[in-house]
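Enquirer: how would this look folded up:
(chains A and B)
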Protein chains: 2
Amino acid sequence: MVRLRLDLSYDGTDFRGWATQPTLRTVQGEIESALALILRLPTVPQLTVAGRTDAGVHARGQVAHVDLDDVDPPILERRLRRLLPADIALRGLTLAPEGFDARFAALERQYVYRICDGPTGPDPLTRAYVVSHGRRLDTDLMNAAAQHLLGEHDFASYCKRREGATTIRTLRELATVREGDMLATTVRADAFCHSMVRALMGALVAVGEGRFPPEWAGSVLAGLTRDARVRVMPAHGLVLEEVVYPDADGLAARALEARRRRDE
Amino acid sequence: MVRLRLDLSYDGTDFRGWATQPTLRTVQGEIESALALILRLPTVPQLTVAGRTDAGVHARGQVAHVDLDDVDPPILERRLRRLLPADIALRGLTLAPEGFDARFAALERQYVYRICDGPTGPDPLTRAYVVSHGRRLDTDLMNAAAQHLLGEHDFASYCKRREGATTIRTLRELATVREGDMLATTVRADAFCHSMVRALMGALVAVGEGRFPPEWAGSVLAGLTRDARVRVMPAHGLVLEEVVYPDADGLAARALEARRRRDE
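Expert: Next up is the predicted model:
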C-alpha cells in the first residue's frame, strides 16, 4: 500500500462540488471513477482532500491523497491525465512523504475571491470565476472590517454549523486589493468551516457598500450565531489557490496534532 | 443620423465569429438584433467592425460603429447592456468623433495568442482562451523567426486569399514572452488578412519546436503562396486586445487614406 499525493486544478462550474454524491457530477467522483477504471479495482478508491470545495467553487492548488496497492506513479499520472475531463487538470501525482495526509497535515489553506464592481461587468473571458457586483465597493472599508476578523476566533456566525464540529479557526489574512474594476480578496486560515469564506466575503461586501461600519463585522463575529444580514456570496467567485504543508520532518507530528485538535 | 462607437469584449467560444450569418449565432448578429429590438427598427442596423474575428476567436478591445437616427447614447448603452448575453460585454457606447470609422480609421490592431506547453495543460479556468501544446517551445527561436516577418510585406503565404484584395500589411510586433508554462505572443499590425495571425503563429510554433530554422519563416513569406507546413493554429488561443485610432484631428484624414490604400 502506498500513499499518493495528487495536485489538482479544476473549473468548478460544471461540478456539484468536490465530494462524491450518487448520480451527481463531482470532482472527487470523476477522479475516483477514473482511478478505478485504470487500475481495474473492484471498488472505487477513497480520496482524502485538503479543501472540500462547494458546488461551483474552483481550485488551482487543490491537494488530495489516496492509498493504493502496487502502482507506478509516473505511469498512473499519464494514464489518469489522459482520462480526466478538460475541466480537471492533474498537475502532479507523486509518492507522498512519510506522514503526509492531504487533510490533517495541511498547515494553511489560501483562497482568492474575485469581484468586478465596474458598470460593464467582468471581462467575458473571466466571467466563470469573477462575480459581477452592481454597486461600487470601498476597499479601505473592506480592509478595515477585516481587522475585526483576523486571529483565532469561534467563527460560528460565519459558518454553516455541522453537528459536533468545532468552528474555531485562525484567520491569518483577509486582504482586498483593487486593480481597476477588479477586486481580489486573499483569505488565509489554518482551515475553514463550511461556506466560511463566502460568508466572510458577504460581510466585507456589506461594509464595502457602506451599509455597515467596519466594526459591524466584529460584532457579528461576537454574536456567535448566523446573521441574516451577512449574505453568503456566490460560489463562482471563489478559487482555492494553495494548500501549505510542513516539510517532511514536520509532517508526521503535524498530522497527529491536527487530528487531536479538530474533530470535524 | 449619428455615428456611435461601441467598445466590446466577448468570449468567442459560442459564436460562429463576428460577422452576421443567417441562422448562426454571431457577435454582430446578437448586437444588431438587440439594437433593432430596443429601437423598434423595421430593419436591422449594420455594424462596421475593426477586426472581423473568426469563429472561436475572442476580443477584449473590439471596436465597432453604427449609424442611427435619434438616439440618446447613455440610455441606449444601459438598455443594450441589459439585453446582451453574458458572453458579450459592452464596455462603452459613445458618440463617435467626426470622421470616425471603426474599420478604416484604425491605425493598428493588437492581438495576443496564448499557448500552454507544460505537460499538465493549461489551468482549467483559462482553457477557453489558452491553447494546450504537447511539445515544449523555444521562445528564443520563435522570436528569431519573428525577425524575418516584421515590416511591410505581401503576406499572401500567411493569408486565406480573397478575390481582389491585397495581402500587403505592415507587421509591427510579433513578440513571444514565456511565464512558466504559459507563452503569450503579442502581434501588432496596421491590419491583418483572414487567418493571418493564426498562420503566423503556426510558423512560430514550427520553429519553436525545432522543426525548421528561424529563416524558414522568411522563406515561406518570400514564396507568396500558402505552405502546407504552416499550420493555422486553433482559434481559441487568439484574443483581439486593442484597436488604436488617431486623435480627433487625424481621424478624417486617416479614414480617407485607408480607404484609398486598401481595397479589402
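
Enquirer: going by C-alpha atoms from here, please, whenever you check contacts or count neighbours.
Expert: OK.

Enquirer: burial of the nearest residue to A:P119 once chain neighbours are set aside, as a residue count?
Expert: With C-alpha to C-alpha, 6 or more residues apart in numbering or on different chains as the criterion, A:P119 has its nearest non-adjacent residue at 6.8 Å, and that residue is A:G134. A:G134 has 12 neighbours, counted by other C-alpha atoms under 10 Å in any protein chain shown.

Enquirer: ok so A:G134 is a helix residue?
Expert: No - going by DSSP: H, G, I helix; E, B strand; the rest coil, the assignment for A:G134 is coil, not a helix.

Enquirer: quick one, what contacts it?
Expert: A:D117, A:G118, A:P119 (C-alpha atoms under 8 Å, 6 or more residues apart in numbering or on different chains).

Enquirer: just among those, which is most surrounded?
Expert: Ranked by neighbour count (other C-alpha under 10 Å), the contacts of A:G134 have A:D117 at the top, with 20 neighbours.

Enquirer: right, and that residue touches A:H133 too?
Expert: Yes - using C-alpha atoms under 8 Å, A:D117 is in contact with A:H133, at 4.8 Å.

Enquirer: quick one: the residue in the stretch 151-264 of chain A that chain B sits nearest to and B:D154, what's the gap?
Expert: The stretch 151-264 of chain A approaches chain B most closely through A:V239 (9.7 Å), counting by C-alpha to the nearest C-alpha. Relative to B:D154, A:V239 is positioned 46 Å away (C-alpha to C-alpha, to the nearest Å).

Enquirer: what do you get for A:A146?
Expert: Distance from A:A146 to B:D154, by C-alpha to C-alpha: 59 Å.

Enquirer: chain A: helices as residue ranges?
Expert: Secondary structure of chain A (DSSP state H): helices at A:27-39, A:73-83, A:139-146, A:196-208, A:215-223, A:248-261.

Enquirer: re the thing from before, so for A:V239 and B:D154, which sits in the more crowded spot?
Expert: A:V239 (28 against 17).

Enquirer: wait, that one sits on A:H58?
Expert: Yes - taking C-alpha under 8 Å as the definition, A:V239 is a contact partner of A:H58 at 4.6 Å.

Enquirer: what pairs with A:Q110 across the strands?
Expert: Judged by DSSP bridges, the bridge partners of A:Q110 are A:R188, A:E242.

Enquirer: for it, what are its contacts?
Expert: Applying C-alpha under 8 Å, 6+ apart, one finds that A:Q110 lies in contact with A:T186, A:V187, A:R188, A:A189, A:L240, A:E241, A:E242, A:V243.

Enquirer: cool, A:G151 as well?
Expert: A:T170, A:L171, A:R172.

Enquirer: is it possible to export those residues to CSV including neighbour count and pLDDT?
Expert: As requested, these are exported to CSV (neighbours: other C-alpha atoms under 10 Å in any protein chain shown; pLDDT from 0 to 100):
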residue, neighbour count, pLDDT
A:T170, 19, 97
A:L171, 20, 98
A:R172, 16, 98
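
Enquirer: among the residues you listed, which are in strands?
Expert: Here DSSP state E is the test, and the contacts of A:G151 give A:T170, A:L171, A:R172 as lying in strands.

Enquirer: nearest residue to the second one in space, please, no chain neighbours.
Expert: On the basis of C-alpha to C-alpha, 6+ apart, the spatially nearest residue to A:L171 that is not a chain neighbour turns out to be A:A189, at 4.4 Å.

Enquirer: and A:V66, how far from A:R16?
Expert: Distance, A:V66 to A:R16, by C-alpha to C-alpha: 21 Å.

Enquirer: which one's more surrounded, these two?
Expert: Using other C-alpha under 10 Å, the more surrounded residue of A:V66 and A:R16 is A:V66, with 21 against 18.

Enquirer: any idea of the pLDDT on the more buried one?
Expert: We have a pLDDT of 98 for A:V66.

Enquirer: what sits opposite it in the beta ladder?
Expert: A:L4.

Enquirer: didn't it look like it was pressed against A:R5?
Expert: Yes - with contacts counted by C-alpha under 8 Å, A:V66 reaches A:R5, the gap being 6.9 Å.

Enquirer: which residues of chain A lie near chain B?
Expert: A:9-11, A:60, A:81, A:86-92, A:120-126, A:128-129 (C-alpha under 8 Å from any C-alpha of the partner chain).

Enquirer: and if we set it to 10 Å?
Expert: Proximity of chain A to chain B (C-alpha under 10 Å from any C-alpha of the partner chain) is limited to residues A:8-13, A:58-60, A:77-78, A:81, A:85-92, A:118-129, A:239.

Enquirer: so what's A:E32 up against?
Expert: A:E32 makes contact with A:T20, A:T26, A:I38, A:T43, A:V44, A:P45, A:Q46, A:L47, A:V66, according to C-alpha atoms under 10 Å, 6 or more residues apart in numbering or on different chains.

Enquirer: same check, this time on A:R136
Expert: A:R136 makes contact with A:C116, A:D117, A:G118, A:P119, A:D181, A:V205, A:G208, A:E209, A:G210, according to C-alpha under 10 Å, 6+ apart.

Enquirer: just put these in CSV and tack on pLDDT.
Expert: Supplementary listing: the contacts of A:R136 in CSV, determined by pLDDT from 0 to 100:
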residue, pLDDT
A:C116, 97
A:D117, 97
A:G118, 93
A:P119, 89
A:D181, 95
A:V205, 98
A:G208, 98
A:E209, 97
A:G210, 97
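
Enquirer: would you mark the buried spots in stretch A:246-255?
Expert: Neighbour counts over stretch A:246-255 (16 or more other C-alpha atoms under 10 Å in any protein chain shown) mark A:P246, A:L251, A:A252, A:R254, A:A255 as buried.

Enquirer: A:L37: neighbour count?
Expert: Using other C-alpha under 10 Å, A:L37 is surrounded by 15 other residues.

Enquirer: make that A:F100, sorry
Expert: Neighbour tally, A:F100, other C-alpha under 10 Å: 25.

Enquirer: could you report the pLDDT at it?
Expert: pLDDT at A:F100 comes out at 93.

Enquirer: which residues does the residue lying closest to A:A86 once chain neighbours are set aside contact?
Expert: Of all residues not flanking A:A86 in the chain, B:P124 sits nearest, at 6.8 Å (C-alpha to C-alpha, 6+ apart). By C-alpha under 10 Å, 6+ apart, B:P124 lies in contact with A:8-12, A:58-60, A:85-89, B:130.

Enquirer: low-confidence ranges in the stretch 151-264 of chain A?
Expert: For the stretch 151-264 of chain A, applying pLDDT under 70 flags the ranges A:255, A:258, A:261-264.

Enquirer: hmm, back to that, where do the contact lists of A:V239 and A:H58 overlap?
Expert: Residues touching both A:V239 and A:H58 (C-alpha under 10 Å, 6+ apart): A:S9, A:Y10, A:D11, A:G12, A:Y111, A:V112, A:Y129, B:L125.

Enquirer: can you lay out the residues you listed as CSV showing pLDDT?
Expert: As requested, the shared contacts of A:V239 and A:H58 are exported to CSV (pLDDT from 0 to 100):
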residue, pLDDT
A:S9, 98
A:Y10, 98
A:D11, 98
A:G12, 97
A:Y111, 98
A:V112, 98
A:Y129, 97
B:L125, 96
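
Enquirer: fine, thanks again, bye for now.
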